[in-house]
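Predicted model, plus sequence, below.
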Amino acid sequence: MIIDKFSELDLDNLMDFLDDNITENYEKGVFLTIMKRWPEGFLVVRSNNKISGVACGAIQPNSKLRVLIIALATEFRRKGLGKKLLNMMIEESLDYGVRKVTLEVRKDSQAILFYRKLNFSSVDVLPCYYQDGCDGIVMEKQI
C-alpha cells in the first residue's frame with residue numbers, strides 16, 4: 001500500500017472506487033478541476049494497483065482548507081490511514097497560510113466520531129445537503 005498524488009490516469013479507477021464506497025455521485029470532470037487547482041491536496045491510497053482510498057481538498061479564501069472527500073475501502077478503515085491522509089493535506093496547506101480546516105459530513109455517518117477524535121467541532125447543520133436528502137454537519141478545527 002502506498003499514498004500518492006492523484007493523476008489523470010487514475011480517473012476511471014477513482015470513479016469505480018467512489019461508486020463502491022460513497023453514496024454521492026460526481027461527474028468525472030469535477031476531479032480533474034480539483035486536481036488542477038491544488039494537485040498536492042489530492043491523494044490516493046493504492047493497493048495492488050487499485051485505488052483503496054482517496055482524500056482531496058481545496059484551498060479557500062480566509063486561510064481555510066476545505067476537505068472535499070476522505071474515503072477508504074472498508075478493509076482499510078480503522079488503521080490510521082484517514083488520519084494520515086488528513087494530516088498530509090493539512091501539511092501541504094500550510095504553505096498557503098491555512099489556519100482552519102472545514103468539512104461537511106453526513107449527519108448519519110460514523111465519520112463524525114472520527115473527526116471529533118481529531119478535534120473537529122460541529123458548527124452548523126445543512127438541511128437536505130446530500131443527494132438523498134440527508135442533512136450535512138459542518139465541522140471545523142483551527143490549526
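Received it, and whenever you're ready, just let me know what you need. A quick note: this is a predicted structure, and the numbers were derived from the prediction, not measured.

The one helix or strand Val138 maps to - what's its average pLDDT?
Here Val138, judged by DSSP states H and E, is contained in strand 136-142. For strand 136-142, the mean pLDDT works out to 98.

Count the residues that sit near Leu14.
Residues lying near Leu14 (other C-beta atoms under 10 Å) number 20. C-betas here are computed from N, CA, C, even on glycine.

Which elements pack onto the one helix or strand Leu86 maps to?
Assessed by DSSP H and E, Leu86 sits inside helix 81-93. Other helices and strands packing on helix 81-93, by 3 or more C-beta pairs under 8 Å, 6 or more residues apart in numbering; DSSP states H and E, are strand 2-5, strand 42-47, strand 50-60, strand 64-72, strand 100-106.

same thing but at 6 Å, please
In terms of contacts (3 or more C-beta pairs under 6 Å, 6 or more residues apart in numbering; DSSP states H and E), helix 81-93 is packed against strand 50-60, strand 64-72.

got a list of contacts for that helix?
Defining contact as C-beta atoms under 6 Å, 6 or more residues apart in numbering, one finds that helix 81-93 is touched by 40-41, 43, 53, 55, 57, 65, 70, 72, 143.
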